[in-house]
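K.L.:
Attaching a predicted model along with its sequence, questions to come.
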Amino acid sequence: MLTSYRERRSRAAFGNAQLAYDLASDPLWDQPDPEPDDEPEDTSDDQQNREGLEADQA
């Protein structure tokens, strides 16, 4: 099969682009897993309000 110069160049360019895409690393996918928190601290206003109400009732 005889291929033209343009077709050979197009196949080479597509092959190079496909190889670059396959070997590229995805920075969002390759991140390490985050460390899990032991116990989340409740520093919200609700916690402070509950402590204030308990002090008033005592």
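P.N.:
Structure received. Residues are numbered from 1 along each chain as shown.

K.L.:
Figure out the helix or strand that R6 lives in.
P.N.:
Secondary structure assigned from DSSP states H and E places R6 in helix 5-23.

K.L.:
P27 now?
P.N.:
P27 belongs to no helix or strand, assigned by DSSP H and E.

K.L.:
burial of it, as a residue count?
P.N.:
For P27, the tally of surrounding residues (other CB atoms under 10 Å) stands at 7. Placement of C-beta: from N, CA and C, glycine included.

K.L.:
With the one 5 residues further on instead?
P.N.:
One way to gauge burial is a neighbour count; for P32, by other CB under 10 Å, it gives 5.

K.L.:
mind showing which ranges of this structure have poor pLDDT?
P.N.:
39-58 (pLDDT under 70).

K.L.:
helices or strands up against the helix holding R6?
P.N.:
Using 3 or more CB pairs under 8 Å, 6 or more residues apart in numbering; DSSP states H and E, no helix or strand is in contact with helix 5-23.

K.L.:
Just the C-alphas of that helix, formatted as PDB.
P.N.:
Provided in PDB are the C-alpha atoms of helix 5-23 (Å, rounded to 0.1, in the frame of the first residue of the first chain):
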ATOM      1  CA  TYR A   5       3.800  12.100   2.500                       C
ATOM      2  CA  ARG A   6       0.900  13.900   4.200                       C
ATOM      3  CA  GLU A   7      -0.700  10.600   5.400                       C
ATOM      4  CA  ARG A   8       2.600   9.400   6.900                       C
ATOM      5  CA  ARG A   9       3.100  12.700   8.700                       C
ATOM      6  CA  SER A  10      -0.400  12.700  10.000                       C
ATOM      7  CA  ARG A  11      -0.100   9.100  11.300                       C
ATOM      8  CA  ALA A  12       3.200  10.000  13.000                       C
ATOM      9  CA  ALA A  13       1.800  13.100  14.600                       C
ATOM     10  CA  PHE A  14      -1.300  11.300  15.900                       C
ATOM     11  CA  GLY A  15       0.900   8.500  17.300                       C
ATOM     12  CA  ASN A  16       3.100  10.900  19.100                       C
ATOM     13  CA  ALA A  17       0.100  12.800  20.500                       C
ATOM     14  CA  GLN A  18      -1.500   9.600  21.700                       C
ATOM     15  CA  LEU A  19       1.700   8.400  23.300                       C
ATOM     16  CA  ALA A  20       2.100  11.800  25.100                       C
ATOM     17  CA  TYR A  21      -1.500  11.600  26.300                       C
ATOM     18  CA  ASP A  22      -1.100   8.000  27.600                       C
ATOM     19  CA  LEU A  23       2.200   8.800  29.500                       C
END
